[in-house]
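>>> Predicted coordinates and the sequence they were generated for:
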Amino acid sequence: MKRILYITLIAALIGSFTSCKDQDDIYKQWVVPGGSVYPEKANGLNAKLGYKRIQLRWATPKDPSVTKAVITWDNGDQTKELNYADYAGQDSIRLEIDQLKEQSYTFNIVNYDKEGNQSMQSENTASPYGDIWLATHSERTIKSAEIPSGTNANITLDFGTNEMVATKFRYLNNDGEWVVTDPVPSNVASVVLENAKVGTRYEYASGYCPVAGLDTIWNSWSKSPTPIAGKLTHTNWSVEAPGYSNGYPPELAIDGVNSSNFANGWWWNNGTYPKIFLVDLGNETTFVNKIVLYQNTGNWYNGRTLYNVELYCGNEKFDINAGADYANTPAFQHAVYKHTTMVFWNGSASATWNFGEMKNFRYFCFVIKNSRRNGSAINEIDAFGYDNAAE
C-alpha cells in the first residue's frame with residue numbers, strides 16, 4: 001500500500017515540475033533579464049500661460065541614454081516630438097504649444113532612450129488665456145483732455161486696473177498726421193499728446209497680462225468719450241452789444257487779435273449801466289469749461305476800464321437790453337452757469353472764469369455793472385472746450 005502511495009506522489013511531483021516549465025516558456029518573452037528599463041522621466045514639469053498658447057518647462061534629462069520626448073495633449077489627439085540633442089548644453093527645456101483654445105488642457109510627456117524604452121509619464125494641466133479673459137478687464141477711465149495753452153494736450157486718466165500693463169494712445173496732430181504714443185504704464189495717470197489738434201477725438205487701448213503670464217493682450221482701439229478741449233475758434237460765433245463808440249464794434253472782441261490799443265476791441269463810452277455783451281457760439285453741441293476776457297494789453301490806465309463784471313451761460317438767448325432788472329428775466333434765471341461778480345482791479349489785463357467741469361450751452365454774456373474809467377472796453381474773448389459733434 002505504501003509503495004503505491006510513493007509512486008503516486010512521485011508522479012504528481014514530476015507533473016508539477018513539467019507544468020511550471022511550460023508556464024515559464026509562456027511568459028519568458030515578457031521578462032527583461034535584470035528587470036524592466038525605465039529612462040529618466042521629465043522632471044519638474046510646469047506650464048507658463050500665454051495668449052492662446054502654453055510654454056511647457058522641465059529639466060533637461062541627466063540620463064545620457066534619453067534621446068527624445070513625446071508630448072501629447074487634447075486627449076491624445078495632438079502629438080509633438082522633441083529631440084533632446086537640439087537642447088544640448090541647456091539646463092532646462094522650454095517648449096511652446098500654440099493655436100490653443102481658451103480651455104483646460106492636460107499635457108503628458110514620455111521620454112524615450114535610443115533602445116525605445118519609455119519613461120514614466122509626467123503630466124501637467126493648464127489653461128491658456130484669450131479673448132474671454134480679456135473681456136473681463138475694464139478699460140481705463142479718461143478724466144480730462146485739454147490743451148491749456150500752446151498745442152500740447154494734457155490727458156489725465158485713472159490708474160490702471162488689475163493685471164493692466166499699459167495704455168497707448170493715437171491722435172491727429174496739427175499736420176494732419178496720426179500719431180501713436182509709447183505705452184503709458186498703468187501706474188502713470190497722465191500723458192501729453194504733442195501738437196494735438198483741438199476739437200478732435202483721440203483713441204486709446206490698454207494691454208493686460210496675468211501675473212507671470214507670457215503675453216500682453218491689447219484691447220481694440222476705443223474712441224475718446226469727448227474731443228480734445230482747447231481754445232475754441234471764433235468761426236461760428238456772433239456777438240451783440242447795445243451800441244459802440246468811435247468805430248469799435250463788438251465784432252472786434254472776437255477777431256482773434258489781442259492788442260495794446262482799442263483798434264481791435266469793442267469800446268463804448270456811454271455811462272449807462274449795466275451793459276450786457278452777448279456771445280452766440282453758433283451751435284448747441286459746444287461744451288465749455290473756461291472763458292477768458294482780455295482788456296487792453298498795453299495802455300492799462302486809460303484802456304483797462306472794467307470793474308465789476310458778471311458772467312452768465314445758458315441755452316436761452318440773453319436780452320442785451322434787459323437793463324437793471326436783468327437777473328429776473330427768464331434767460332438769466334435759467335442760466336446753467338452764474339458767476340456773481342468778477343472784480344477787475346486797477347491794472348488787471350484779463351480775467352478767467354474756470355467752471356471746474358464741462359458745461360453745455362450756446363450763449364454766454366458779460367454783465368458789465370460799472371467802470372473804473374469813462375466807458376467800457378473788451379479787447380478780446382476766448383472760450384476753451386470742444387464741439388461734441390467733432391470727429
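Nice, thanks for sending it over.
>>> if I read this right, S190 contacts F159, doesn't it?
No - applying C-beta atoms under 8 Å as the test, S190 and F159 come out as separate, 10.4 Å apart. All C-beta atoms are positioned from the backbone trio N, CA, C, and that covers glycine.
>>> What residues sit buried inside the strand or helix carrying T72?
Per DSSP states H and E: T72 is located in strand 66-73. For strand 66-73, the neighbour count (16 or more other C-beta atoms under 10 Å) marks 66-69, 71-73 as buried.
>>> Next, the contact list for the closest residue to W237 other than its chain neighbours, please.
Leaving aside its chain neighbours, W237 sits nearest to I254 (5.2 Å; criterion: C-beta to C-beta, 6 or more residues apart in numbering). If you count contacts by C-beta atoms under 8 Å, 6 or more residues apart in numbering, I254 has them with 234, 237, 239, 279, 380-381.
>>> Turn these into TSV, columns for pLDDT.
Below are the contacts of I254 laid out as TSV (pLDDT from 0 to 100):
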residue	pLDDT
H234	93
W237	97
V239	97
V279	98
E380	94
I381	96
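>>> Please narrow those residues to those residing in helices.
Assigned to helices by DSSP state H, none of the contacts of I254 qualify.
>>> now, which of these lie within strands?
239, 279, 380-381 (DSSP state E).
>>> would you list those in JSON lines and tack on distance to D215 and neighbour count?
Putting the ones in strands among the contacts of I254 into JSON lines (distance: C-beta to C-beta, whole Å; neighbours: other C-beta atoms under 10 Å) gives the following:
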{"residue": "V239", "distance to D215": "57", "neighbour count": "20"}
{"residue": "V279", "distance to D215": "53", "neighbour count": "24"}
{"residue": "E380", "distance to D215": "54", "neighbour count": "23"}
{"residue": "I381", "distance to D215": "53", "neighbour count": "22"}
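>>> Pick the one among the residues you listed closest to V292.
Ranked by distance to V292 (C-beta to C-beta), the ones in strands among the contacts of I254 are led by I381 at 7.2 Å.
>>> Setting aside sequence-adjacent positions, which residue approaches the closest one most closely?
A253 (5.2 Å).
>>> The one you found and A383: what is the separation?
Applying C-beta to C-beta, to the nearest Å, the value for A253 to A383 is 12 Å.
>>> which one of the two has more residues nearby?
Neighbour totals were compared for A253 and A383, and A253 leads with 28 against 21 (other C-beta atoms under 10 Å).
>>> Wait, the more buried one touches E380, no?
Yes - using C-beta under 8 Å, A253 makes contact with E380 at a distance of 6.0 Å.
>>> Determine the residues that are contacts of both of those two.
G265.
>>> so how far is M164 from I132?
17 Å.
>>> er, T233 actually
For T233, the distance to M164 equals 37 Å [C-beta to C-beta].
>>> who's more crowded, these two?
The residue with more neighbours, out of T233 and M164, is M164; 21 against 13, by other C-beta under 10 Å.
>>> separation between that one and G116?
Taken as C-beta to C-beta, the span from M164 to G116 is 50 Å.
>>> what's the answer for N124, then?
For N124, the distance to G116 - C-beta to C-beta - is 24 Å.
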